[in-house]
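Colleague: what follows is a protein structure lacking sequence information:
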């Protein structure tokens, strides 16, 4: 059999020097946006980080990422639609360790009987951003506008403005919130309880399900909807099945950035193989008995194959799991740039609404 021509391989597998704007797979709208941006964009405000950066430098990088994202908040607020049919409140609960956890609750102004509930765990590599960031507000209110009760969690980040709280602090907060909602299904008129999150939040939703399964309270969760889940912890080596780590490395994320997030999340390097820290490490015994999963991935994303391979692991363990990959897309572009790719945003929204309603039907 003749050797495959390397030029036919996608991304940097075919051309190690390829950049994301040059990749022919990229959605033309994103290519045009990138072409109109300054050469280094806003990334110059973020301190450099390498695979060998010590913990303190990784914390500085997290702070820089958080500040860069915060600089976009005013524009995101200005672009946010009005949600006149959504009511928003804040509930503060006590977590496992006595820590006060703020829950941001969005729900339809008019409620006629039980409705699905979605518990949202925001992205940010488990390290930065907050539940009240404008993009997270818009996503929660968009789900609530479709008839869902939505609960956003301000969990403890492993770095950033809220302080440095390594694993398992944030995961424990998320588990406490899920159990709080589950214990109040009747009071809150909940027909199904779905957990969802993107990127680092995708780690936390899959890890919350694993934690629930291992601790014996998995009945609290009816379904898991993970978006670009960051579930493989990079400690210096990459398993061969994660081709996207070579194919798309350097497009948005680098190995240095992913190592910084894993170092901040696990400063003492104790949890590399812990499935509650990194669900990719879960064995069939840990996965067996989990509720249905939907996993969304993005073609040009560094961590695309984390979700693809994880879905196969779930299926092999007998879990109903479905994985999809959005062609031409970069990391969580539908939630990050809803006005640039509105059809992708609408499709993701309708997918999670449909999933939540189907899981409600399963409980009847």
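Modeller: Thanks, I have the structure now. None of these values were measured; they are calculated from a predicted model. Residues are numbered from 1 along each chain as shown.
Colleague: from the chain's centroid, how far away is stretch 307-322?
Modeller: The chain centre lies 17 Å from the centre of stretch 307-322; the measure is CA atoms, centre = their mean, to the nearest Å.
Colleague: residues making contact with it?
Modeller: 202, 206, 226, 228-229, 231, 241-242, 279-280, 282, 284, 287-297, 323, 325 (CB atoms under 8 Å, 6 or more residues apart in numbering). (Glycine included, C-beta is placed from N, CA and C.)
Colleague: which of these are buried? Put it as a ChimeraX command.
Modeller: To isolate the buried ones among the contacts of stretch 307-322 in ChimeraX, judged by 16 or more other CB atoms under 10 Å, type:
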select :202,206,226,228,229,231,242,279,280,282,287,290,291,292,293,294,295,296,297,323,325
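Colleague: which of the contacts of stretch 307-322 fall in helices?
Modeller: 202, 206, 284, 287 (DSSP state H).
Colleague: wait, which of the residues you listed is closest to residue 338?
Modeller: Among these, residue 202 lies closest to residue 338 (CB to CB), at 17.8 Å.
Colleague: contacts only, for that closest one.
Modeller: Residues near residue 202 by CB under 8 Å, 6+ apart: 123, 226, 227, 228, 229, 230, 231, 295, 307.
Colleague: what sits closest to it if chain neighbours are left out?
Modeller: Setting aside the residues directly before and after it, residue 202 is nearest to residue 229 in space (CB to CB, 6 or more residues apart in numbering), at 2.9 Å.
Colleague: my read is that that neighbour contacts residue 205, right?
Modeller: Yes. When contacts are counted by CB atoms under 8 Å, residue 229 is listed as touching residue 205 (7.4 Å).
Colleague: and the gap between residue 48 and residue 260?
Modeller: Residue 48 is 10 Å from residue 260, where distance means CB to CB, to the nearest Å.
Colleague: same check, this time on residue 211
Modeller: According to CB to CB, residue 211 and residue 260 sit 24 Å apart.
Colleague: on that earlier part again, now do the same contact list for the residue nearest to residue 202.
Modeller: By CB under 8 Å, 6+ apart, residue 229 lies in contact with 197, 199, 202, 203, 205, 206, 279, 295, 303, 306, 307, 310.
Colleague: and for residue 86?
Modeller: Counted by CB under 8 Å, 6+ apart, residue 86 has contacts 106, 107, 108, 109, 141, 144, 145.
Colleague: please repeat the previous calculation with a cut-off of 7 Å.
Modeller: The neighbours of residue 86, taking CB atoms under 7 Å, 6 or more residues apart in numbering as the test, are 106, 108, 109, 141, 144, 145.
Colleague: out of the residues you listed, which sit inside helices?
Modeller: Checked against DSSP H, these include these in helices: 141, 144.
Colleague: now neighbour count too, for the contacts of residue 86, in CSV please.
Modeller: Compiled in CSV, these are given as follows (neighbours: other CB atoms under 10 Å):
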residue, neighbour count
106, 24
108, 18
109, 11
141, 22
144, 23
145, 20
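Colleague: which two from the contacts of residue 86 end up farthest apart in space?
Modeller: It's 109 and 141 that sit farthest apart of the contacts of residue 86, by CB to CB, at 11.6 Å.
Colleague: quick one: contacts of the lengthiest helix in the chain?
Modeller: Ranked by residue count and defined by DSSP H, the top helix of the chain is helix 342-363. With contact meaning CB under 7 Å, 6+ apart, helix 342-363 is reached by 116, 118, 142-143, 146, 148, 191-192, 194, 196, 222-223, 225, 292, 294, 296, 326, 329, 333-334, 338.
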